[in-house]
Each structure stands twice: as C-alpha cells, then as structure tokens.
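Student: I would like to see how this sequence folds:
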Amino acid sequence: MKAFALAAGVMVPGAAHWLTGQRAKACIYACMVVTLVAGGVWLSGSTGMPSEAELAGLDGTSLLMYRGGAAVKALAGLPYFALSLAGYAPSFLSGIAHEYGTKLLTMAGLVNLLALADVYEKEPQ
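Tutor: Alright, predicted model coming up:
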C-alpha cells in the first residue's frame with residue numbers, strides 16, 4: 001500500500017496522504033502545491049529545462065542549480081504536467097518576475113517531495 005500511495009503522491013499532490021487516511025494533510029499539501037504552481041504561472045515562471053544558450057558562461061555550481069531546479073519542478077505532479085500538456089512554456093530567462101515564478105514552481109515540486117517524505121516516514125510498511 002505504501003508504494004502505491006507514494007506513486008500516487010508523485011502524480012497527484014496530496015494523494016499519498018489521502019490514501020493513507022490523512023485527509024486534512026492531503027488537502028493542505030495539495031493546496032500548497034497548487035497555490036505555488038498558480039503563483040509561478042502568474043509570474044510567468046518557466047516549466048522547461050534551460051537551453052544550452054541560456055546557460056552559456058555559467059560556472060558548474062550554477063549549472064547544477066539551474067538544471068536541478070528545472071528537474072524538481074516535475075515533482076509537482078499533475079499541475080506541472082497539465083501545464084505542459086496545455087502548451088505553457090515561457091522561455092527560461094525572461095526577466096525578474098519570471099525568475100520569481102520559476103522559483104515558485106520549483107518550490108511546488110519540493111513541497112510535494114516533502115509530503116512524500118512525510119508519508120514514507122510515518123506510514124508502516
């Protein structure tokens with residue numbers, strides 16, 4: 001049951017808690033992820049990976065941070081994939097508001113990862 005709940009939680013924010021009977025936590029985590037995704041979209045945050053041209057001239061640590069942050073956004077699950085399917089894809093670098101939006105989208109993935117860690121730690125095998 002735990003593996004199924006975690007797999008569901010990767011795709012749908014809050015699903016892991018819901019399936020383990022923690023309905024209030026499920027709603028809280030789902031609302032947090034959806035709110036962060038909505039804020040990121042409102043600020044025109046990027047959902048894609050940066051292109052090589054956009055990363056030209058950056059040091060190794062910055063490259064790792066940008067690529068890692070772009071990958072973590074996918075952990076937001078269904079809201080992230082819905083944006084991708086809808087064709088939402090502003091360029092990776094397009095202004096300061098965009099940078100804030102991209103950070104919010106990355107935080108959505110991290111919050112969902114936190115929710116999964118919570119279920120993994122508390123749910124018995």
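
Student: Phi, psi for residue 45 please.
Tutor: Dihedral pair for residue 45: phi -70, psi 150, per degrees, to the nearest 10.

Student: Might you report the residue contacts of it?
Tutor: 90, 98, 100, 101, 102, 103, 104, 105 (CB atoms under 8 Å, 6 or more residues apart in numbering). Every C-beta, even on glycine, is put in place using the N, C-alpha and C of the backbone.

Student: what does residue 80 give?
Tutor: If you count contacts by CB under 8 Å, 6+ apart, residue 80 has them with 37, 47, 73, 74, 105, 108, 109.

Student: packing partners for the helix or strand residue 5 falls within?
Tutor: Assigned by DSSP states H and E, residue 5 belongs to helix 2-11. With contacts taken as 3 or more CB pairs under 8 Å, 6 or more residues apart in numbering; DSSP states H and E, helix 2-11 sits against helix 15-19, helix 96-122.
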